[in-house]
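Colleague: Quick one, what's the 3D model for this:
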Amino acid sequence: MPTSAAILTDVLAADALELSLVVPIFNEQESVGPLIKRIIEAMASYQSAWELILVDDGSTDATIVNARAFLQQPGFNLKIVALQRNFGQTAAMQAGIDAARGRLIATLDGDLQNDPKDIPMLVSELERRELDLLVGWRKNRQDGLFLRKIPSWIANRLIGKITGVRLHDYGCSLKIYRASIIKQVKLTGEMHRFIPAWVASVVPSTRIGEMPVTHHARQFGASKYGISRTFRVILDLLSVMFFMRYKARPGHFFGSLGLGLGALAGVIMTYLFIDKFILGNDIGTRPMLMVGVVLLLSSVQLITTGILAEMIARLYYRDDLTPNYIVRETFEQQK
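Modeller: I've put the predicted structure just below:
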């Protein structure tokens, strides 16, 4: 059993921890070793205490074995969180953020395309501009033009227009957060692409900034993403738009649609009522009658859906503690 002095030392060390580096990795056996070395070199001049958290997202190669080889290396704080299976980048990022103890949190990819040397500069810029989130901008992006750059440019413009948070590069994983802010945001699905938009639901968008960063071409392995990602981004964007505007009041969304259809159905049914009982015309075979009935039923259904959505939202806010990942094992350096 640890002594009181040892417990106090651990508490003070945690309190003094300034920065946590979170890196989700999946089948990056060639990249993980050089990545750790580059991070150590990049952070050598960083004056405050920091830790590196690698989240292995169910890799099926030697990624975790190669990463564990650095647990015996002195001079830096390494933690490896091994997930039970592949939950996706968003869940892996959430697991790393949950495990982070630093006052600030930095995230970056594990494929060596982000440059760890930019991290101290980003931290200084975040503090200087008094931001809660600083996003990297891959201004000179080293990716294919038609399969990566053009779809990304279109997506960034679309996301900025819909969410109101206008950034050049939503897809850059190199970001610096204040831990107190990002820990208020729960990442689900594949929503890591829209983190600035989610953060904007917690703080004003003026507290979110961007800064050009270095971007390298992939050295090992193959990209986990393809052109099909564009279609998933569009679907996710619709979800983001809904949750940003109606997360706490979904009944307003469905209710507004229901009332609109109900009003239109009312106009049609009123016209048919006058036509039938005042003008004496036969309306039994008129398509307008069917349209009016369908609109009326749709209105009732949407309003009922809104009420049920409001009830579900209340339950969501009462119990939102279930994680979207399962940790199989955590490896840490022996103190």
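
Colleague: Which pLDDT does the model give Gln333?
Modeller: Gln333 is assigned a predicted lDDT (pLDDT) of 78.

Colleague: Next, find the distance separating it from Ala106.
Modeller: According to Cβ to Cβ, to the nearest Å, Gln333 and Ala106 sit 19 Å apart. Bear in mind the C-beta positions are built from the backbone N, C-alpha and C, glycine included.

Colleague: the more surrounded of those two?
Modeller: In terms of neighbours (other Cβ atoms under 10 Å), Ala106 is the more surrounded of Gln333 and Ala106; the figures are 30 against 15.

Colleague: burial count for the spatially closest residue to Asp275 that is not a sequence neighbour?
Modeller: What sits nearest to Asp275 in space, not counting adjacent residues and going by Cβ to Cβ, 6 or more residues apart in numbering, is Asn281, at 4.9 Å. Neighbourhood size, Asn281 [other Cβ under 10 Å]: 11.

Colleague: and what of Val213?
Modeller: 24.

Colleague: That one touches Lys175, doesn't it?
Modeller: No. Taking Cβ atoms under 8 Å as the definition, Val213 is not a contact partner of Lys175, at 9.8 Å.

Colleague: Give me the common contacts of the two.
Modeller: By Cβ atoms under 8 Å, 6 or more residues apart in numbering, Val213 and Lys175 have these common neighbours: Gly136.

Colleague: Quick one: residues contacting Pro120.
Modeller: Per Cβ under 8 Å, 6+ apart, neighbours of Pro120: 42-43, 45-46.

Colleague: try 10 Å this time
Modeller: For Pro120, the contact set (Cβ atoms under 10 Å, 6 or more residues apart in numbering) comprises 19, 42-48, 50, 106.

Colleague: for Gly306, same thing?
Modeller: 246, 249-259.

Colleague: quick one, what contacts the residue nearest to Asp275?
Modeller: Contacts of Asn281 (Cβ under 10 Å, 6+ apart): 272, 274-275.

Colleague: From those residues, keep the buried residues only.
Modeller: Buried subset of these (neighbour count, 16 or more other Cβ atoms under 10 Å): 272, 275.

Colleague: wait, doesn't Ile176 sit right on Arg128?
Modeller: No. At 11.9 Å, Ile176 does not count as touching Arg128 under the criterion of Cβ atoms under 10 Å.

Colleague: just the helices in the stretch 101-250 of the chain please.
Modeller: Shown for the stretch 101-250 of the chain, the helices assigned by DSSP state H, counting those that start in this stretch span residues 118-128, 150-163, 179-182, 195-199, 229-246, 250-273.

Colleague: Switch these over to CSV; also include mean pLDDT.
Modeller: Formatted as CSV, the helices of the stretch 101-250 of the chain follow (pLDDT from 0 to 100):
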stretch, mean pLDDT
helix 118-128, 96
helix 150-163, 76
helix 179-182, 96
helix 195-199, 88
helix 229-246, 69
helix 250-273, 89
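
Colleague: Ok, which of those helices comes nearest Asp61?
Modeller: Closest approach to Asp61 among the helices of the stretch 101-250 of the chain (Cβ to Cβ): helix 229-246, 22.3 Å.

Colleague: Now the buried members of the contacts of Pro120.
Modeller: 19, 42-43, 50, 106.

Colleague: Need the distance between the two termini of stretch 102-113.
Modeller: 24 Å (Cα to Cα, to the nearest Å).

Colleague: Mind checking the pLDDT average for that stretch?
Modeller: For stretch 102-113, the mean pLDDT works out to 93.

Colleague: residues near Ile326, how many?
Modeller: Ile326: 12 neighbours (other Cβ under 10 Å).

Colleague: hmm, I was thinking of Leu108
Modeller: 25.

Colleague: Identify the residue nearest it in space, chain neighbours excluded?
Modeller: Asn114 (4.1 Å).

Colleague: Look up the residues forming beta bridges with that neighbour.
Modeller: His215 (DSSP bridges).

Colleague: Next, the angle from the longest helix seen in the chain to helix 250-273.
Modeller: Counting residues, the longest helix in the chain under DSSP state H turns out to be helix 287-318. Counting by axes from the mean of the first three to the mean of the last three Cα atoms, to 10 degrees, helix 287-318 lies at 160 degrees to helix 250-273.

Colleague: If you count neighbours, what's buried in helix 287-318?
Modeller: For helix 287-318, a neighbour-count test (16+ other Cβ under 10 Å) marks 289, 292, 295-296, 298-299, 302-303, 305-306, 309-310, 313 as buried.

Colleague: ok, so of those residues, who is nearest Gln72?
Modeller: Of all the buried residues of helix 287-318, Gln72 sits closest to Ala313, with 48.7 Å by Cβ to Cβ.
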